[in-house]
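> turn this into a structure:
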Amino acid sequence: MAVPTTGSPWWCCKPMYSQEFKASKDARPLCPSEASCIQHETTGAPEPAELSPLPSWKARFLRRGPFCNRHRKSKRFYWSIVLICLGPLAFCCSLLSARFPAWTEIIYSQGIYPVLSRCLNWLSGLVPFSLMELLFAVGIFFLLVCGVLWLGRLWRTRGKRLQRGLKPVLRAGRRFLVRAACGISTVYFLFVFLCGLNYNRLDFATLAGYSLEPSSVEELNALCRELFQQAGELRAQIPQQGALVTSGSVFDLCRQAAGEYDAISRRFPILAGGYSAPKPVLFSEVMSYLNITGVYFPFTAEANVNIASPDFLIPVTMCHELSHLRGFMREDEANFIAYLVCRESSDVLFEYSGIMLALIHASNALYSADPALYEELVQTYTPGMLADLRDNSEYWQRHEGLIGDISDTVNDTYLKANRQSDGVKSYGRMVDLLLAQRRLSGGLS
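Got it, this is the predicted structure:
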């Protein structure tokens, strides 16, 4: 018998089968409006116009093809498994790279990473603003909107949810946990392969030929005095009373920081790049409350700088973030590379900024080793240097608080997770590199 129809196309119909055609291979799905038509035998209604049976391959396609509900659930399940497995895969690769740093240096740090970072940096450099900042703003707005919509839905369906019991809640919780695991695993995988493996590369001291050795307090004191003398001479060339304030556009300063790497790359070819300039952050005050002066965002290969911090340290901060862009992720190495770049600069502001960063680290180490020598050194600081250091101290005191403490804890955990065992304290290791360079060159000049 032919299958009746009301004229609706078969492909728009929800699969429904009459009892007579269920066992047939040529059975076709019926629209809801067609369901009543199959009752013409029992009700005596006139039989509608006849249509040839649906081909068997179309029926099988609707029952078993990619549009069936069972197939869609199966695809989601397999994709969830794949995405969740990315996290353990990235972790195993990280462990393997830590065991063989020389191979990591050759294959990834000097092979794969420069290609990835240059491509991403070229794309993000097409826009003058920070894509990291935009992504965070859009993400926070999206989460707030989703949270409001979710709460509204809970309120509207509160009666039905109480009737259904805990089963829908548990199902939704399981779905949320699976999606969260997929997201976290994917982000971690991208982080490891976009920059994380660089934490396990050969250290800069090995690549530059420096020998890190234990140093005496006398050597440390001599280093501090050399840095102080050079900083004082440079500060005298900047005719400003009080704290230093830069003139000109911050974008010009960013482009100049990118150009400063051309000079240092002749000495250390591994620092060559062809990367775009760092980007100033619009919400720099927020970064200050988080105790952050700059951040490298690997997902867009951008060096982002807090331009609200004291001006005399902004140039060296830009160079610091650009060293991360070149694959040197350890903070002590990034500080030292930034110091080297600023020392090679012909601009007084950049040179003064780099030497002041080195002096701050070296004098802090001297205070820990011998407070009396530190007090003696501080008494000889010039008025301009004291004004800059006082401005820096007062600025960060105004931004202290619970948010900054939480940020420091997160940063400390992040550093330790990437095998910087001393956490935030590893910033002090820059002094060892300064002393090694001083021994190698017979002085800092």
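
> so for stretch 375-388, what's the average pLDDT?
Taken as a whole, stretch 375-388 has a mean pLDDT of 89.

> and it, end to end?
18 Å (CA to CA, to the nearest Å).

> please list the outside residues in contact with it.
221, 224-225, 228, 231-232, 235-236, 238, 240-244, 310, 312, 356, 363, 366, 389 (CB atoms under 8 Å, 6 or more residues apart in numbering). In this view, the C-beta of every residue, glycine as well, is placed from N, C-alpha and C.

> distance between it and the chain's centre?
The chain centre lies 38 Å from the centre of stretch 375-388; the measure is CA atoms, centre = their mean, to the nearest Å.

> before we move on, what about stretch 223-242?
With CA atoms, centre = their mean, you get 36 Å for stretch 223-242.

> what residues sit buried inside that stretch?
Neighbour-count burial for stretch 223-242, counted by 16 or more other CB atoms under 10 Å, picks out Leu223, Cys224, Arg225, Glu226, Leu227, Phe228, Gln230, Ala231, Gly232, Leu234, Arg235.

> again, but for stretch 100-113
For stretch 100-113, the neighbour count (16+ other CB under 10 Å) marks Pro101, Thr104, Glu105, Tyr108, Ser109, Tyr113 as buried.

> give me the domain ranges for this protein.
Following automatic domain parsing, one finds the domains of the chain at 3-63, 69-200, 211-441.

> give me whichever of those domains is most buried.
For the domains of the chain, the largest average neighbour count (mean count of other CB atoms under 10 Å) is found in domain 211-441, namely a mean of 18.

> hang on, isn't Leu373 packed against Val217?
Yes - assessed by CB atoms under 8 Å, Leu373 is found in contact with Val217 at 7.1 Å.

> anything in contact with each of the two?
Contacts common to Leu373 and Val217, judged by CB under 8 Å, 6+ apart, are Leu366.

> Thr300 belongs to a helix?
No - when classified by DSSP: H, G, I helix; E, B strand; the rest coil, Thr300 is found to be coil rather than part of a helix.

> which non-adjacent residue is nearest the spatially most central residue of the chain?
Nearest to the geometric centre of the chain sits Phe297, at 4.1 Å (CA atoms, centre = their mean). Take Phe297 and drop its neighbours on the chain: the residue closest to it by CB to CB, 6 or more residues apart in numbering is Met132, 3.9 Å away.

> check Arg255 too.
Closest to Arg255 by CB to CB, 6+ apart is Ala277, at 4.7 Å.

> which residues touch the one you found?
Applying CB under 8 Å, 6+ apart, one finds that Ala277 lies in contact with Gly125, Phe251, Cys254, Arg255, Ala257, Ala258.

> just flag the most distant two among those.
For those, the farthest-apart pair by CB to CB is Gly125 and Ala257; their separation is 14.0 Å.

> sorry, back to before: let's have the contacts of Ala277 in a markdown table, adding distance to Arg76 and pLDDT.
A markdown table is the format used below for the contacts of Ala277 (distance: CB to CB, whole Å; pLDDT from 0 to 100):
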| residue | distance to Arg76 | pLDDT |
| --- | --- | --- |
| Gly125 | 37 | 91 |
| Phe251 | 46 | 91 |
| Cys254 | 44 | 92 |
| Arg255 | 47 | 92 |
| Ala257 | 47 | 93 |
| Ala258 | 45 | 91 |
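
> tell me the strands in this structure, going along the chain?
Counting by DSSP state E, the chain has strands at residues 3-4, 50-51, 279-280, 294-297, 302-305.

> of those, which shows the lowest average pLDDT?
strand 3-4 (a mean of 45).

> quick one: low-confidence ranges for the chain?
Within the chain, the set of residues satisfying pLDDT under 70 comprises 1-73, 158-165, 402-428, 442-445.

> which one's the longest helix in the chain?
Assignment by DSSP state H gives helix 69-99 as the longest helix of the chain.
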